[in-house]
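Trainee: Here you go, sequence then predicted model.
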Amino acid sequence: MLQIAFIRENQEKVIKALAKRNMDAKSVVEEVVQLDERRRATQVELDGILSESNKLSKDIGELMKAGEKSKAAILKEKTVLLKEKSKRLAEIADVIAQELLEKLYTLPNLPADIVPEGKTPEENLNVFEEGAVPVLHEGAQPHWELVKKYDIIDFELGVKIAGAGFPVYKGKGARLQRALINYFLDKNTAAGYNEVQVPHMVNEASAYGTGQLPDKEGQMYHDAADDLYLIPTAEVPVTNMFRDVILSENELPILTTAYTPCFRREAGSYGAHVRGLNRLHQFDKVEIVRVEHPDNSYKALDGMVEHIKEILNELKLPYRILRLCGGDMGFTSALTYDFEVFSTAQDRWLEISSVSNFETFQANRLKLRFKDKDGKNQLAHTLNGSSLALPRVLAGILENYQTADGIVIPEVLRPYCGFDIIN
């Protein structure tokens, strides 16, 4: 959530920045400022009445001590009227504050200066490529055919149990999945990230805290009976560990990693581009989350990018990094880099990680602050990244490492798998 003081003092800057997201924010920004003015004016009036009421209470006490009960009674009548007026004003202030909050929730984060202009994914900026695309043997297949051939993932069985988008991993497929999770966690903890296990469901406050609500309400599975949401990513529970927390400056940075299953409705996703592991309702992901001092957050973002590059280099998968344009960025992000693995069998790039700096956007919702050297409370910066999302990494391994004799396991994963080929 954008800070109201910043919007009030930088209206044109906010409107111009959000235009990079292809959003005409002029009317919303004007409404926000007007509501804020009403809220502040109402609060000033309310504070004046409360101050007057407090003064009258003291005067009444002094009059009663002096035995001037009739004069005290007149003042008491005034305090009754003031209390009624203050109650009405407090109710009005609450309504205005709620309206203001709902308007603020509709405004996405401001893109960083280096975010490229653009409306579609085709306008994202390719900033890095690594790895040669392998030449596959004649008759090479996409992963959805390979998993049938070697009986390692069963999509039809998942449909029987739950529905489309809930695959069942079997045998060496399940072991490879577990190997990837353990490998990713080991890489993250070796890099200084503290591993946590978190709930796979969150309450409404948590979903609002990281910006999933109200923006992505239609994409989340909701348990209406208990008003809980299945998590779309570990980012939500991990970041909310720090909701309503005031840290000391010397506690920063905080680096956290977690493995969780992730659940996304992905309503309206159809077609060949979402076949097999390309788009699922339930999938596994290992996440990294950082809480940073504002002065260090972009250096930290670069470090996260380098960390994920190292993992992909060890897996020896061809990949590229895109700096997302304004029209393709997530609602909460100030700057995002997407990692994509090239699927040789599908002849297309598959997104396998997003790494983002949210600056103070999430921290403002979360009330996540730190006490600086002067003893003042400041909003922290939050960052997160997939390290990594498993389905498309697995798809890339199955397709790019296939041979006529079977699917060779990347060397770095063999100690985790206990085998070196699927055949």
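Mentor: Sure thing, it's come through.

Trainee: going forward, measure contacts between C-alpha atoms and count neighbours the same way
Mentor: Noted.

Trainee: now the strands for the stretch 101-250 of the chain?
Mentor: 125-130, 153-154, 168-169, 194-195, 201-203, 222-223, 228-230, 246-248 (DSSP state E, counting those that start in this stretch).

Trainee: Could you identify which of those is most buried?
Mentor: strand 153-154 (a mean of 22; mean count of other C-alpha atoms under 10 Å).

Trainee: Now tell me what touches it from outside.
Mentor: Strand 153-154 has contacts (C-alpha atoms under 8 Å, 6 or more residues apart in numbering) with 147-148, 167-170, 173-174.

Trainee: Between all of those residues, which two are separated the most?
Mentor: 148 and 174 (13.9 Å; C-alpha to C-alpha).

Trainee: what's around residue 204, how many residues?
Mentor: Applying other C-alpha atoms under 10 Å, we find 15 residues neighbouring residue 204.

Trainee: Could you do the one 5 residues further on as well?
Mentor: Counted by other C-alpha under 10 Å, the residues lying close to residue 209 total 25.

Trainee: that older thread, kindly indicate which of the contacts of strand 153-154 lies nearest residue 123.
Mentor: For the contacts of strand 153-154, the minimum distance to residue 123 (C-alpha to C-alpha) is 32.7 Å, reached by residue 167.

Trainee: residues in contact with the closest one?
Mentor: 153-159.

Trainee: do residue 317 as well
Mentor: 131, 341-342, 396-397, 400.

Trainee: The same query, at a cut-off of 10 Å, please.
Mentor: By C-alpha atoms under 10 Å, 6 or more residues apart in numbering, the residues touching residue 317 are 130-134, 311, 340-343, 393, 396-397, 400-401, 410.

Trainee: now residue 330
Mentor: Contacts of residue 330 (C-alpha under 10 Å, 6+ apart): 21, 108-109, 211, 215, 324, 336, 354, 356, 358.

Trainee: gap between residue 371 and residue 5?
Mentor: 20 Å (C-alpha to C-alpha, to the nearest Å).

Trainee: Can you pick out the residue with more neighbours from these two?
Mentor: Ranked by neighbour count (other C-alpha under 10 Å), residue 371 and residue 5 place residue 371 first, with 17 against 10.

Trainee: out of the contacts of residue 167, who's nearest residue 194?
Mentor: Set against residue 194, the nearest of the contacts of residue 167 by C-alpha to C-alpha is residue 153 (31.3 Å).

Trainee: Name the nearest residue to that closest one, sequence neighbours excluded.
Mentor: In this structure, residue 153 finds its nearest non-sequential neighbour in residue 169, 4.4 Å apart by C-alpha to C-alpha, 6 or more residues apart in numbering.

Trainee: Could you report the neighbour count for residue 411?
Mentor: For residue 411, the neighbour count with other C-alpha under 10 Å is 12.

Trainee: hang on, I meant residue 350
Mentor: 21.

Trainee: Tell me which helix or strand it sits in.
Mentor: strand 348-357 (DSSP states H and E).

Trainee: Centre of the chain to that strand, how far?
Mentor: Centroid displacement of strand 348-357 relative to its chain, using C-alpha atoms, centre = their mean, to the nearest Å, is 14 Å.

Trainee: That one: partners in the sheet, and parallel or antiparallel?
Mentor: Here strand 348-357 is paired, per DSSP bridges, with strand 335-343 (antiparallel), strand 381-389 (antiparallel).

Trainee: Quick one: the helices in the stretch 1-150 of the chain, in order.
Mentor: 4-9, 11-19, 26-65, 69-105, 143-150 (DSSP state H, counting those that start in this stretch).

Trainee: buried set for the longest one?
Mentor: Neighbour counts over helix 26-65 (16 or more other C-alpha atoms under 10 Å) mark 26, 29, 31-33, 35-36, 38-39, 42-43, 46, 49-50, 53, 56-57, 59-60, 63 as buried.

Trainee: Mind giving me the packing neighbours of the very next helix or strand once past the strand holding residue 350?
Mentor: As assigned by DSSP H and E, the chain's next helix or strand after strand 348-357 is helix 361-366. Secondary-structure packing of helix 361-366 (3 or more C-alpha pairs under 10 Å, 6 or more residues apart in numbering; DSSP states H and E): helix 204-209, helix 235-240, strand 377-379, strand 381-389.

Trainee: Tell me the spacing between the closest residue to residue 422 other than its chain neighbours and residue 414.
Mentor: Distance criterion C-alpha to C-alpha, 6+ apart; nearest residue to residue 422, sequence neighbours excluded, is residue 407 at 5.0 Å. According to C-alpha to C-alpha, residue 407 and residue 414 sit 12 Å apart.

Trainee: now swap in residue 366 and tell me
Mentor: From residue 366 across to residue 414, the span is 41 Å (C-alpha to C-alpha).

Trainee: more crowded one of those two?
Mentor: Between residue 366 and residue 414, counted using other C-alpha under 10 Å, the more crowded position is residue 366 (24 against 15).

Trainee: From what I see, the more buried one and residue 205 are in contact.
Mentor: Yes. Counting by C-alpha atoms under 10 Å, residue 366 touches residue 205, with 8.8 Å between them.

Trainee: residues shared between the contacts of these two?
Mentor: By C-alpha under 10 Å, 6+ apart, the residues touching both residue 366 and residue 205 are 211, 240, 243.

Trainee: least confident pick among those residues?
Mentor: Lowest in pLDDT among the shared contacts of residue 366 and residue 205 is residue 211, which has 95.

Trainee: Tell me how many other residues crowd it.
Mentor: Neighbour count of residue 211, defined by other C-alpha under 10 Å: 24.

Trainee: can you list the domains in the protein?
Mentor: With domains defined by the TED database, the chain comprises 4-106, 121-422.

Trainee: now those as a markdown table including distance to residue 113?
Mentor: Listed next are the domains of the chain as a markdown table, based on distance: least, C-alpha to C-alpha, whole Å:
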| stretch | distance to residue 113 |
| --- | --- |
| domain 4-106 | 9 |
| domain 121-422 | 9 |
